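K.L.:
Sequence first, then the predicted structure:
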Amino acid sequence: MRDQTGGSLQSVNRALTALELVADAGELGVSELGRQLGVHKATASRLAAVLAERGLLERDPVTERYRIGFGLVRLAGAAMSGLDLVRLARPILETLAERVREASNLGVRNADDVVYIDQIAGSRSIVTVSWVGRRTPLHCTSNGKVLLAWAEERDRERVIRGPLESYTEHTVTDPDALRTELESIRRRG
């Protein structure tokens with residue numbers, strides 16, 4: 001990344017990468033953050049402190065680890081409120097959650113992942129876990145598999161060829177098994 005004068009935007013890129021790393025991990029200490037960013041612990045500490053000052057990260061006073069702050073929730077809320085898709089899909093999600101009495105999620109494709117942008121809790125849900133804002137590889141969730149099943153064939157094959165990482169004992173990582181599952185999804189509509 002370069003600005004108009006040719007100067008490096010490395011610090012902006014590093015800050016955004018730090019936010020993504022913390023979001024993916026749930027919590028990170030500055031040593032871990034520095035290691036993953038490829039910077040000294042002191043640099044990671046200053047970066048995390050600035051992000052915390054802006055409310056984008058928050059520091060747990062006991063563990064001294066950082067997690068996503070409410071400043072990002074505010075920004076995400078502003079982005080979500082402007083999405084017509086969320087507004088249009090909300091009544092459908094509510095009806096679905098009521099009918100199956102389980103949580104209903106709305107996910108959109110972002111590169112090779114599904115990103116959840118809305119969720120309605122079901123009446124039978126024992127534990128309510130918010131998936132909003134989470135991203136998972138397409139091959140790892142039902143929402144992702146639906147999006148992958150209806151992707152263009154060339155793109156679908158690129159994802160299937162992998163590598164397909166295993167996230168649970170139920171993750172389908174065999175390309176042929178995944179192709180079969182995606183074909184079944186397409187047949188069922």
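P.N.:
Okay, I see it. Residues are numbered from 1 along each chain as shown.

K.L.:
Can you give me the buried ones in stretch 97-117?
P.N.:
With burial defined by 16 or more other C-beta atoms under 10 Å, the residues of stretch 97-117 counted as buried are 97, 103-107, 109, 112-117. No exception for glycine: its C-beta is placed from N, CA and C like everyone else's.

K.L.:
Centre of the chain to that stretch, how far?
P.N.:
Here stretch 97-117 is found 11 Å from its chain centre; the criterion is C-alpha atoms, centre = their mean, to the nearest Å.

K.L.:
And the buried residues of stretch 97-117, which two are furthest apart?
P.N.:
Of all pairs drawn from those, the one with the longest distance (C-beta to C-beta) is Ala97 and Asp112, at 27.4 Å.

K.L.:
In strands, which of the buried residues of stretch 97-117 appear?
P.N.:
When DSSP state E defines the strands, the subset of the buried residues of stretch 97-117 inside them is Ser104, Asn105, Leu106, Gly107, Arg109, Asp113, Val114, Val115, Tyr116, Ile117.

K.L.:
residues touching the closest residue to Ile160 other than its chain neighbours, list them.
P.N.:
Distance criterion C-beta to C-beta, 6 or more residues apart in numbering; nearest residue to Ile160, sequence neighbours excluded, is Pro175 at 4.9 Å. With contacts defined as C-beta atoms under 8 Å, 6 or more residues apart in numbering, Pro175 is in contact with Ile160, Arg161, Gly162, Leu164.

K.L.:
and those, which two are the farthest apart?
P.N.:
Of all pairs in the contacts of Pro175, the most separated under C-beta to C-beta is Arg161 and Leu164 at 8.7 Å.

K.L.:
picking up where we left off before, got the buried residues of stretch 97-117 as CSV, with distance to Leu88 and pLDDT columns?
P.N.:
Formatted as CSV, the entries for the buried residues of stretch 97-117 read as follows, by distance: C-beta to C-beta, whole Å; pLDDT from 0 to 100:
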residue, distance to Leu88, pLDDT
Ala97, 16, 91
Ala103, 19, 87
Ser104, 14, 89
Asn105, 15, 90
Leu106, 10, 91
Gly107, 15, 90
Arg109, 17, 91
Asp112, 25, 91
Asp113, 22, 90
Val114, 18, 90
Val115, 17, 87
Tyr116, 16, 87
Ile117, 12, 85
